[in-house]
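Novice: turn this into a model:
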Amino acid sequence: MPAQYVSRRARPLRAAISVALILIALLAGLHPQAQAQRRARAETLPSPDEAIVQARQAVAKGLRDRVAALQSAVPEAHLLQAYLPYWDLRLRLADDRGARDPSALDADAQAFIKRHGSTLMSDLLRRDWLLSLGKRREWA
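Specialist: The predicted model follows:
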């Protein structure tokens, strides 16, 4: 029906329907601000492959917190997932300020070595852990 034939009673109903549609669009996330927030969230969580590359770059810079934050972006089933906890433990072992809780660090290193068996990462972490124990003068 053309707008010129709409009765005066139907105009408020038409306005109410327009407001309702706008509210539905806002609630559905079609608002530009909601879309921008979704894009920002998507940018903060990289893809698993990108997370591994970013974690390796963070290891090179010694950014342990960044490596720990990126671990959640890589699923357990990913082929290279084991590198993230390895890099995190390696940075923790190399920390010159010393671990706040050396026994927890030792337990984490032992658990990693046990979980990853006779892999290269396990052998490398075992070496780093033994060097850390020697640096702390824990011979027994």
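Novice: list the residues that contact Pro46.
Specialist: 54, 70, 73 (C-beta atoms under 8 Å, 6 or more residues apart in numbering). From N, CA and C alone the C-beta is placed, and that goes for glycine too.
Novice: and with 6 Å instead?
Specialist: Ala73 (C-beta atoms under 6 Å, 6 or more residues apart in numbering).
Novice: can you give me the pLDDT of it?
Specialist: The per-residue pLDDT reported for Pro46 equals 81.
Novice: so it, which of the three states?
Specialist: Following DSSP: H, G, I helix; E, B strand; the rest coil, Pro46 is assigned to coil.
Novice: need the next SSE after the least confident helix or strand in the chain by mean pLDDT, C-terminal direction.
Specialist: Ranked by mean pLDDT, DSSP states H and E, the weakest helix or strand in the chain is helix 32-44, scoring a mean of 62. As assigned by DSSP states H and E, the chain's next helix or strand after helix 32-44 is helix 48-61.
Novice: what's that next one packed up against?
Specialist: Helices and strands touching helix 48-61, by 3 or more C-beta pairs under 6 Å, 6 or more residues apart in numbering; DSSP states H and E, are helix 64-70.
Novice: thank you, goodbye.
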